[in-house]
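Novice: no letters, just coordinates:
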């Protein structure tokens, strides 16, 4: 069937006019499928957001090419109505043709305020439903109902019993689906028209993924008590559970529509197995997945469950980026269990893992080559890449102008190592709530590229003078926030954390004028660069470091001073084996184990002749003279008999990093 993207892409025929100006008030031009379609047609795209940054990119990347007689087709996108194009610089208006696209044009019969709240990736299903069902002109509530039914597969009027509601919420929250607040409100309004769910904490468990799984976790022990009952135990006292969420105590976990999710929920760590007094009565039942019995057997069972889950959910080559971000957490949980030294993994499981790792690596690099180039132009909320994170924090301050924000970058922390750190932190600080997501680092996954982008709030293209060092990070961080209207006194940056300096951090946060704080914990990166025991050694040492309590104390300090706290990393790491060192002398501008960087494509090509499987990565979001040559697969430019833990390349572990918002819940 016809798609909404066709309506837009049909306007872009290559080599007709070299400059196209697009009024795009609804962000349609920076949707992933549109970005890919634009690039496949030979066009390049620049959003017009900041006048100075745009002028730099336009003059250095495109105007200079045109002056040399090169043919490139450029699309400049302005997030405004068509009348807003007149605000663009005069030279662009004179040279470019003008287009305008909006949701109102694509969905003329649906309520514009409702449709505009949707993730752009959800427009596919809505557009097909519009064509198939021809709903006619709909008002706000009718559009909400139409969208709930056809986009999110929610028919509130058919939810009559607890299993109906739990099935809907499990499907949504397991997938990590983002439903706009106005649709959640409509959903709860319809449910509230009867008293079936009057005692359920709908306002908490419908919109909040963490709250929903916490609600289920609390109800799991009562359920186990019920199914473990026998005639001789019927008269025993009822356990007091101390529940923090209102609502029914006994949930129908054994209903076929609910039970189908439970293996994955426990395998993937969304629910945690519990110790139970009648485990012997339940160990041979399906409910044993949620009961702690033998640690080695529990670990093996969870490992096998995750292998199956990962194999079944491996994203396709045309997947949206959110699918890979969600998948990366499953893979991280699997890697964390594999590296756990508490038990021996069976040989069949290890064989399955090796085969699965090859499939994951192949699928991911194929997707990266096809889709990565458009990620840096996606909207900053929710963040897709590291340089979006400061802009997302700035949006939070716009919504809450008195809020203080802190960005804590744990240098080199891979997602699977975050899983280890999170486990330790939960044991040390049970009241902490981790709202977990993930973002993409920059390629090449180097500190000077990716960490600087995280603090600059800009693509590396815009800091060419410091792309090989981190010396300008503090200045870039301060400049970003000064551009948001803060004064230099309200912004601070501190690095070198991980073992000490808590007193210095305490001095900063005690300053009442401080509004924004950037921190770098480099302990994990230092562990990595001295690691000789592979990924298993990394996990062991990261766990030991987290267990000493430094990170927990740092989080306490920031939360005590009411900072809205975000944790991320600039890149991950991967265990790699050597393929030999390039004999390049001083040719390489930057010599890493997983990547070499050159200033000239000819120099890079000559080195590639010796390493034909290495990848010549294009300068996507990078300066034109920053040309990476990336080691293939899980290889490194070191001696052939060596193995190391390194970064710089394009594995899932290096490129997808944690993005975690930390809060305090009830003690």
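Specialist: Yep, that arrived. The shown structure was predicted, so the numbers you read here are calculated from the model rather than taken from an experiment.
Novice: going forward, measure contacts between C-alpha atoms and count neighbours the same way
Specialist: Will do.
Novice: what sits against residue 404?
Specialist: Each residue near residue 404 by C-alpha atoms under 8 Å, 6 or more residues apart in numbering is listed here: 397, 514, 515, 516, 562, 563, 564.
Novice: from the residues you listed, list the buried ones, please.
Specialist: Neighbour counting with 16 or more other C-alpha atoms under 10 Å marks 397, 514, 515, 516, 563, 564 as buried within the contacts of residue 404.
Novice: out of the residues you listed, which is nearest to residue 334?
Specialist: residue 564 (29.9 Å; C-alpha to C-alpha).
Novice: center of the protein - which residue?
Specialist: The centre of the chain sits closest to residue 438, judged by C-alpha atoms, centre = their mean, with a distance of 2.2 Å.
Novice: so for it, what's the pLDDT?
Specialist: For residue 438, the model assigns a pLDDT of 97.
Novice: tell me the secondary structure for residue 21?
Specialist: strand (DSSP: H, G, I helix; E, B strand; the rest coil).
Novice: give me phi/psi at residue 438?
Specialist: phi -150, psi 160 (degrees, to the nearest 10).
Novice: can you tell me the closest non-neighbouring residue to residue 161?
Specialist: Nearest non-adjacent residue to residue 161, counting by C-alpha to C-alpha, 6 or more residues apart in numbering: residue 196, 7.5 Å away.
Novice: surely that neighbour meets residue 164?
Specialist: No - applying C-alpha atoms under 8 Å as the test, residue 196 and residue 164 come out as separate, 11.5 Å apart.
Novice: ok, back up a step: could I get the contacts of residue 404 as TSV with pLDDT, distance to residue 32 and secondary structure?
Specialist: What follows is these, written out as TSV (pLDDT from 0 to 100; distance: C-alpha to C-alpha, whole Å; DSSP: H, G, I helix; E, B strand; the rest coil):
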residue	pLDDT	distance to residue 32	secondary structure
397	93	27	helix
514	96	37	coil
515	96	34	coil
516	97	31	strand
562	94	36	coil
563	96	33	strand
564	97	29	strand
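Novice: what secondary structure does the closest residue to residue 287 other than its chain neighbours sit in?
Specialist: Nearest residue to residue 287 in three dimensions, chain neighbours excluded: residue 224, at 7.8 Å (C-alpha to C-alpha, 6+ apart). With three-state DSSP as the basis, residue 224 sits in helix.
Novice: could you count how many residues lie near residue 224?
Specialist: For residue 224, the neighbour count with other C-alpha atoms under 10 Å is 22.
Novice: do residue 227 as well
Specialist: 12.
Novice: give me phi/psi at it?
Specialist: Residue torsions, per degrees, to the nearest 10, at residue 227 are phi -80, psi -10.
Novice: local confidence estimate at the residue nearest to residue 287?
Specialist: At residue 224, the pLDDT value in this model is 93.
Novice: now the strands: where do they sit in the stretch 301-450 of the chain?
Specialist: Taking DSSP state E, counting those that start in this stretch, the strands of the stretch 301-450 of the chain run over residues 404-410, 432-440.
Novice: can I get those in TSV with distance to residue 616?
Specialist: Below are those laid out as TSV (distance: least, C-alpha to C-alpha, whole Å):
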stretch	distance to residue 616
strand 404-410	29
strand 432-440	20
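Novice: of all those strands, which one is nearest residue 315?
Specialist: strand 432-440 (15.7 Å).
Novice: how far does the closest one sit from the chain's center?
Specialist: 8 Å (C-alpha atoms, centre = their mean, to the nearest Å).
Novice: again, but for stretch 309-324
Specialist: Remark: stretch 309-324 is offset 13 Å from the chain centroid, using C-alpha atoms, centre = their mean.
Novice: now it: buried residues?
Specialist: For stretch 309-324, a neighbour-count test (16+ other C-alpha under 10 Å) marks 309, 310, 311, 314, 315, 320, 321, 322, 324 as buried.
Novice: let me know the closest of these to residue 376.
Specialist: Nearest to residue 376 among the buried residues of stretch 309-324, with distances taken as C-alpha to C-alpha, is residue 321, at 11.5 Å.
Novice: residues in contact with the closest one?
Specialist: So residue 321 contacts residue 384 (C-alpha under 8 Å, 6+ apart).
Novice: would you mind finding the most buried of the strands of the stretch 301-450 of the chain?
Specialist: The highest mean neighbour count among these, using mean count of other C-alpha atoms under 10 Å, belongs to strand 404-410: a mean of 23.
Novice: in the sheet, which strands lie alongside it, parallel or antiparallel?
Specialist: strand 516-521 (parallel), strand 563-568 (parallel) (DSSP bridges).
Novice: chain center to that strand: distance?
Specialist: 16 Å.
Novice: where does pLDDT dip in the stretch 451-600 of the chain?
Specialist: Within the stretch 451-600 of the chain, the ranges that satisfy pLDDT under 70 run 584-590.
Novice: again, but for the stretch 51-200 of the chain
Specialist: Ranges of the stretch 51-200 of the chain meeting pLDDT under 70: none found.
Novice: what ranges do the helices span in it?
Specialist: For the stretch 51-200 of the chain, the helices defined by DSSP state H, counting those that start in this stretch occupy 51-57, 64-67, 90-95, 103-106, 112-115, 123-133, 140-150, 162-175, 181-191.
Novice: now render those helices as CSV, adding distance to residue 338 and mean neighbour count.
Specialist: Below are the helices of the stretch 51-200 of the chain laid out as CSV (distance: least, C-alpha to C-alpha, whole Å; neighbours: other C-alpha atoms under 10 Å):
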stretch, distance to residue 338, mean neighbour count
helix 51-57, 45, 13
helix 64-67, 50, 12
helix 90-95, 55, 12
helix 103-106, 47, 16
helix 112-115, 43, 17
helix 123-133, 38, 16
helix 140-150, 40, 18
helix 162-175, 23, 17
helix 181-191, 38, 16
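Novice: buried stuff in the biggest helix by length in the chain?
Specialist: Longest helix of the chain, by residue count under DSSP state H: helix 347-371. Of the residues in helix 347-371, 353, 356, 360, 361, 363, 364, 365, 367, 368, 371 count as buried by neighbour count, 16+ other C-alpha under 10 Å.
Novice: tell me the one among these nearest to residue 466.
Specialist: The closest of these to residue 466 turns out to be residue 368 (C-alpha to C-alpha; 25.8 Å).
Novice: tell me how far the closest one lies from residue 221.
Specialist: As for residue 368, its distance to residue 221 is 43 Å (criterion: C-alpha to C-alpha, to the nearest Å).
Novice: likewise residue 533?
Specialist: 40 Å.
Novice: now swap in residue 114 and tell me
Specialist: 40 Å.
Novice: what does residue 330 give?
Specialist: Residue 330 is 25 Å from residue 221, by C-alpha to C-alpha.
Novice: just checking, residue 618 touches residue 629?
Specialist: No - in this structure residue 618 lies outside contact range of residue 629 using C-alpha under 8 Å: 9.2 Å.
Novice: the two: which is more packed in?
Specialist: Neighbour totals were compared for residue 618 and residue 629, and residue 629 leads with 26 against 16 (other C-alpha under 10 Å).
Novice: specify the beta-bridge partners of that one.
Specialist: Here residue 629, judged by DSSP bridges, has bridge partners residue 596, residue 616.
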